[in-house]
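Student: Provided below for reference: sequence and predicted model.
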Amino acid sequence: MRVRSSVFASFCLILEVLSVALFLRGFFPVPIKSSFSSKSKLSDLPAEPLTGSSPNLSKVPDPLFKRVVIVLIDALREDFVFGPNGRKYMPYTRHLVESGSTHSFVAKARPPTVTMPRIKALTTGSIPGFIDVVMNLKSPALLEDNLIWQAKTAGKRMVFYGDDTWVKLFPKHFMEYDGTTSFFVSDYTEVDNNVTRHLDSTLKRDDWDILILHYLGLDHIGHISGPHSSLILPKLMEMDDILKKIHGSLILKEAEGALPYLLVLCGDHGMSETGSHGGSSEHEVNTPLVLISPAFKRKVGMEKPPTVEQVDLTPTLALGLGLPISQNSVGHFLQPVVEEASLRDQLRFLHLNGHQLSCLLKDSMPAYEKEEGYEQFRVVEKSHGNWLKLVVEGNTSEVLTNIGKKVLKQYMEALRVMSAALSKQLGKYDMYSMVVGMVLVFQLLLLLLLAMPEALSGASEVDLPVSSALLSLPFYLLCLLLSSVHILVCTSAESDCYFCSLSWGLVFGAVALSSALLCILVSMASRRGAKPPGKSPSRVGGGGWSLSELDVLLLAGTAGHTLSLSASSFVEEEHQVWYFLLNTLCLVVFQDVCRKYFRERRANIGVVGCSEEEDYLLPSKEGDVVASALTDFRVTGAGSERWLALATPLLTLVCCRLLRSLNQTGVQWVHLPDLGHWLNSSEHKMVLSLLAALSLALIYFLVQRRCSWVSKIALALGLLGVYSYRAAVGNVVLPWQHSGGNMSKGTVKARFVYVFVLGILFTGSKDLLRSQVITADARLKSRGLWEIYSGVVLLVALLFRAHNLPVLCCCLLVQTLMAQFIWKKLHYDAAQTTIMHYWFGQAFFYFQGNSNSIATVDISVGFVGLESYVEAPAVFLTVLSTYAGPLLWAAHLVCYLSSEKRSSVAVGHGCYCLALLRSVPAVAYVVLVTALRYHLYIWSVFSPKLLYESMHTLLTAAICLFFTTMEQSRSSSRP
């Protein structure tokens, strides 16, 4: 069966996307959970470990606190409270930390540091799976054992105000609640006022036991302008005043002889130096935890707060309220909370926590008895029983007290070790689903590689032996063998496998696909070994493949980048690899230009029309060249054209160097100041305004040249709207605008731009459809494609922050110069041009300020022009902004290869090369993370990169489908 290269590449990528999705489902483990379906109950709590004939004391410990108020400030960094600026940011809180009845800790949040997984961690005590990053957009009800359910079951009356993620996770749990959306990051005022407006009336009432307040404004300010914004100080002082009001109210209501209150100040995660979160940097994982209660000793000075795990708050609150600890909690009790209680009560609390951790350890680890923490707990439990026997008998000697304190220390060590062991065991990998997905993607990559000679041939078609493979005996034997393996694995697996839960129709489809791919691979490999392909690729000379210096660089660079992904440091600093490759590419292109315009010109001086010799000297050739390169050089203006071609690689190098200074990215040097921070400071707003205006003007000049007059007008008005939007939100200033003008959300201006974006896209789509359906006009089709590209550029300009507009401007400038003076004049073929587009797209991904950390995803762009959170457009805009660099370069590639002067097979070659370029690192990375699944940095470094690779593969599949449509249009228009 013969199929076009673009169809073949698109089909392989779609199957790869499905296979990677199956791999992701198995790789991101389900967090450790107890196998018991029921939740913890007070009646299940163990008795004290009393030895001998005396009766055991099984009484449930009395609650330590009557009322608990939890003030959770989203994105509250540890240094905002404990750092040098803590006295300025939150003076009252800092006063309590230094001299109040408090216990202070630095609570370490595990990545991913996004809100929904952190709320799960705080309420269940477990460490959520990394896939909760995706689930953060749509939070389903939390069904596992958790603190909120336990409190409701015990009759605790709970009131909640703040982030509506709590309402979604715990429906019908709160006596009273008022949720605010957490995703509309443009709002940092009303989102907090909606919480505070309930405070006065709620604090006066006595009909609640637990009050939870989740403030979002600080997090939204971070997303908008970063942790060093001028908005941070007033917001933190506002939070400090709120804490002061709550504390004062609790003090006034404290009754004589009643149980004391507990006021908790905490953050769900921190904030990176760029204002985002999701990664594993110190500023993102370190959050303050301040416990305030009259039950604690008054401090006499500032002490360095100890570091604890964020999940340690869960068992502490549970036992403090007289509730059972959640079954899946991996945290350990914060002993300083009960240091004023009797030694027997302290040991009782630690024993209950140890019993819960040991049960979870039994349920999640087959060899739990060999675990150091479990052995320590059993030993100290016996020591506790012996000590308690003496206490019950009336022994009150000082020696016994010292023994009790020693037992307490042993308990704390055992709890620490068990908690650490459970935390390392984040979950159980679904290896069967991982292996199936990995085998499929590996087979598809081999298929793409074996099809290379035919896919890049002059016919741009691949001959797939599908019929012979499906009708062969090995195919049916493989189907039977793989089906047997599936039945064996699913019936003998100790834990549930996702692939086993699929319907038999889907499973048999995957089995048949894998069997067919294996048969096709064997058939194609034997055919390659038996005889050479019928028609060689365009760059095969008489003696076989002929690789130029550029070809060697492109192949070696692609392979080298793939190999570099095996090191965590290279993953963290991947942008450095692409910057190096791009700089080297520019130098090699400069060498090609020098050879073409100078050395070869001198060698052929006086020779006119010597086409054979000139064709030999070209780096590569694709299709028919109407006029020889030498003739092209002697047209009017050839001298200036020659120098422009010579300057293009050098100008590209200069642009790349400037863009590197615009946004610091990666991990090692992201904290260093960059040009973007300088431009965004308030004293340089006028410079940023001028730079943004100049960039928008140059964008219009570069894009409008191939648009219709209607699209030119829409583009001009749209770019004016972009500047007006940035002025409305306070990024830039208008000449007539006062410096102290009020900021707004700019919703009307953004929607104004959306109208012009849709208009340009409609005009381009109309021309494209006319060229496909009504008339086979290549010029009309080229214009339609360019207008669609122009609409995308306008949308990206709206989404980019003001200081990033030069990135978009440089992107368009480099595309224009390379297309005009390099790719056309040096006659680079589709494969070379595609690889260069791919490299440029990857580099510009990092020029935007992106990295392989989730923290650099700018979610604020998902709400440009929206009054409230709407999931579909928010996700679309966020993805478009994040991958703007690769998408713009891929879109330009489609426009360039589809132009009327290109070869008819260029689009097919480009689509195939793009699919292969995306498949090689994606497949290699799938194999890599499987091998490194127990690596120390698997969750902080390798897993976020896997998500980025998966999303990039999905977007590339969509682009290849568009390539296929364009090639279909071209093929149908041939005479």
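Tutor: Alright, I've got the coordinates. Predicted, not measured: the structure shown is a model, and the values here were computed from it.

Student: Where does pLDDT dip in the stretch 101-250 of the chain?
Tutor: 129-140, 182-186 (pLDDT under 70).

Student: need the strands for the stretch 701-850 of the chain, in chain order.
Tutor: For the stretch 701-850 of the chain, strands defined by DSSP state E, counting those that start in this stretch do not occur.

Student: what are the ranges of the helices in it?
Tutor: 709-728, 747-769, 778-799, 805-818, 830-847 (DSSP state H, counting those that start in this stretch).

Student: In stretch 84-96, which residues are buried?
Tutor: For stretch 84-96, a neighbour-count test (16 or more other Cβ atoms under 10 Å) marks G86, Y89, M90, Y92, T93, R94, L96 as buried. Yep, even glycine has a C-beta here, placed from its N, CA and C like the rest.

Student: actually stretch 519-535, not the one I typed
Tutor: For stretch 519-535, by 16+ other Cβ under 10 Å, it's C519, I520, L521, S523, M524, P533.

Student: one step back: for the helices of the stretch 701-850 of the chain, which one sits closest to E78?
Tutor: helix 830-847 (28.6 Å; Cβ to Cβ).

Student: mind saving the C-alpha coords of that closest one as PDB?
Tutor: Extracted C-alpha coordinates of helix 830-847, given in PDB (Å, rounded to 0.1, in the frame of the first residue of the first chain):
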ATOM      1  CA  ALA A 830      12.900  20.700   2.400                       C
ATOM      2  CA  ALA A 831      14.700  18.400   4.900                       C
ATOM      3  CA  GLN A 832      17.400  20.900   5.700                       C
ATOM      4  CA  THR A 833      14.900  23.800   5.900                       C
ATOM      5  CA  THR A 834      12.600  21.800   8.200                       C
ATOM      6  CA  ILE A 835      15.400  20.900  10.600                       C
ATOM      7  CA  MET A 836      16.500  24.500  10.700                       C
ATOM      8  CA  HIS A 837      12.900  25.600  11.400                       C
ATOM      9  CA  TYR A 838      12.700  23.100  14.200                       C
ATOM     10  CA  TRP A 839      16.000  24.200  15.800                       C
ATOM     11  CA  PHE A 840      14.900  27.900  15.600                       C
ATOM     12  CA  GLY A 841      11.500  27.000  17.100                       C
ATOM     13  CA  GLN A 842      13.100  25.200  20.000                       C
ATOM     14  CA  ALA A 843      15.500  28.000  20.700                       C
ATOM     15  CA  PHE A 844      12.700  30.600  20.600                       C
ATOM     16  CA  PHE A 845      10.700  28.500  23.100                       C
ATOM     17  CA  TYR A 846      13.500  29.300  25.600                       C
ATOM     18  CA  PHE A 847      13.900  32.900  24.400                       C
END
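
Student: For that helix, which helices and strands make contact with it?
Tutor: Contacts defined by 3 or more Cβ pairs under 8 Å, 6 or more residues apart in numbering; DSSP states H and E place helix 830-847 against helix 549-564, helix 574-594, helix 638-662, helix 805-818, helix 884-897, helix 906-931.

Student: average model confidence for the fifth one?
Tutor: What it means is helix 884-897. In this model, helix 884-897 has a mean pLDDT of 94.

Student: Use 28 as the first number from now on
Tutor: Will do, 28 is the new start, and the previous item becomes helix 911-924.

Student: and it, how far out from the chain's middle?
Tutor: 23 Å (Cα atoms, centre = their mean, to the nearest Å).

Student: repeat for the first one
Tutor: Between the centre of helix 576-591 and the centre of its host chain there is 26 Å, according to Cα atoms, centre = their mean.

Student: just checking, what packs against it?
Tutor: helix 601-621, helix 857-874, helix 933-958.

Student: if we take the buried residues of stretch 111-123, which one ends up nearest to Y752?
Tutor: Using Cβ to Cβ, the buried residues of stretch 111-123 come closest to Y752 at Y116, 30.9 Å.

Student: Need the three-state assignment for the residue lying closest to Q603 once chain neighbours are set aside.
Tutor: Spatial nearest neighbour of Q603, excluding adjacent residues (Cβ to Cβ, 6 or more residues apart in numbering): G693 at 7.2 Å. Following DSSP: H, G, I helix; E, B strand; the rest coil, we place G693 in the coil state.

Student: check contacts around G693.
Tutor: Going by Cβ atoms under 8 Å, 6 or more residues apart in numbering, G693 touches E599, E600, E601, H602, Q603, S878.

Student: The third one is in contact with S880, isn't it?
Tutor: No: E601 is beyond contact range of S880, at 10.8 Å (criterion: Cβ atoms under 8 Å).

Student: starting at the chain centroid, how far to stretch 513-526?
Tutor: On the basis of Cα atoms, centre = their mean, stretch 513-526 sits 31 Å off its chain's mean C-alpha point.
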